[in-house]
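# sequence? don't have it. structure:
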């Protein structure tokens, strides 16, 4: 019995072939190529985890598509963007490098790196506006707390945030991550907090355990709200300046909780200040 060889032709639909061809052509001619991060670049980027190098180079970095996109849409200037996926359409080719996952791990400050990291230039400090509602932080040291408070200010329309000089640095990478982009919309100023408050022309409010119930207090539209250090609260020097002492009452039967997280307390206080305006 004769057995004929059966040849099954592989048909490529014309439209699919054309699409694949042009995609390959586009990739081949793209200005974005896989880039190996040099040792000097790794050294620079990782050094920015320390404040002294951020100040020396006038740079900070952010990670994650959402945070980076928020910063790209702001007036903060991009230095360079490193990404494992080219998800950024409007970044100039000379400021974008497509890199391997392994290289991203070398420059990332995260335990589980995202898909991108961007360097931005630290903007020039803006002038502080002393009208309206201002939040002042006295020795807040936790990056997550500062980032969350900055985001809360953005949410409640507070555009001015002042920090004592011993507060955590605004451009700490963990602070930047926690702000989720709000860092570009709130003006943050570091200063001698005691001197600033002593010369303020608006009412000063501070949160204390023995203060007046905030839910019964008459709160103005304009003033400065002072929030204290995570462990010790408002310092004695600052406490002596504050005339309006407010507190968030405990409602539990046992009332054994010693205090609230400073970011959580800030959310409650800002909500009360903004509730009637």
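It's in. Predicted, not measured: the structure shown is a model, and the values here were computed from it.
# all strands of this structure, in order?
Counting by DSSP state E, the chain has strands at residues 34-35, 59-63, 78-83, 96-99, 116-121, 133-137, 160-164, 187-191, 204-213, 223-227, 244-247.
# among the ones you listed, which is the most enclosed?
Mean neighbours per residue, mean count of other Cβ atoms under 10 Å, is largest over those for strand 133-137, with a mean of 25. No exception for glycine: its C-beta is placed from N, CA and C like everyone else's.
# Just want the angle from that one to strand 204-213.
Relative orientation of strand 133-137 and strand 204-213, computed by axes from the mean of the first three to the mean of the last three Cα atoms, to 10 degrees: 90 degrees.
# ok, back up a step: rebuild the strands of the chain as JSON lines, extending it with distance to residue 174 and mean pLDDT.
Shown next, in JSON lines, are those (distance: least, Cβ to Cβ, whole Å; pLDDT from 0 to 100):
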{"stretch": "strand 34-35", "distance to residue 174": "27", "mean pLDDT": "82"}
{"stretch": "strand 59-63", "distance to residue 174": "10", "mean pLDDT": "96"}
{"stretch": "strand 78-83", "distance to residue 174": "19", "mean pLDDT": "96"}
{"stretch": "strand 96-99", "distance to residue 174": "22", "mean pLDDT": "94"}
{"stretch": "strand 116-121", "distance to residue 174": "14", "mean pLDDT": "96"}
{"stretch": "strand 133-137", "distance to residue 174": "16", "mean pLDDT": "97"}
{"stretch": "strand 160-164", "distance to residue 174": "15", "mean pLDDT": "98"}
{"stretch": "strand 187-191", "distance to residue 174": "15", "mean pLDDT": "97"}
{"stretch": "strand 204-213", "distance to residue 174": "24", "mean pLDDT": "94"}
{"stretch": "strand 223-227", "distance to residue 174": "18", "mean pLDDT": "97"}
{"stretch": "strand 244-247", "distance to residue 174": "29", "mean pLDDT": "96"}
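# Can you lay out those as a markdown table showing distance to residue 44?
Shown next, in a markdown table, are those (distance: least, Cβ to Cβ, whole Å):
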| stretch | distance to residue 44 |
| --- | --- |
| strand 34-35 | 15 |
| strand 59-63 | 8 |
| strand 78-83 | 10 |
| strand 96-99 | 13 |
| strand 116-121 | 8 |
| strand 133-137 | 30 |
| strand 160-164 | 26 |
| strand 187-191 | 24 |
| strand 204-213 | 40 |
| strand 223-227 | 34 |
| strand 244-247 | 45 |
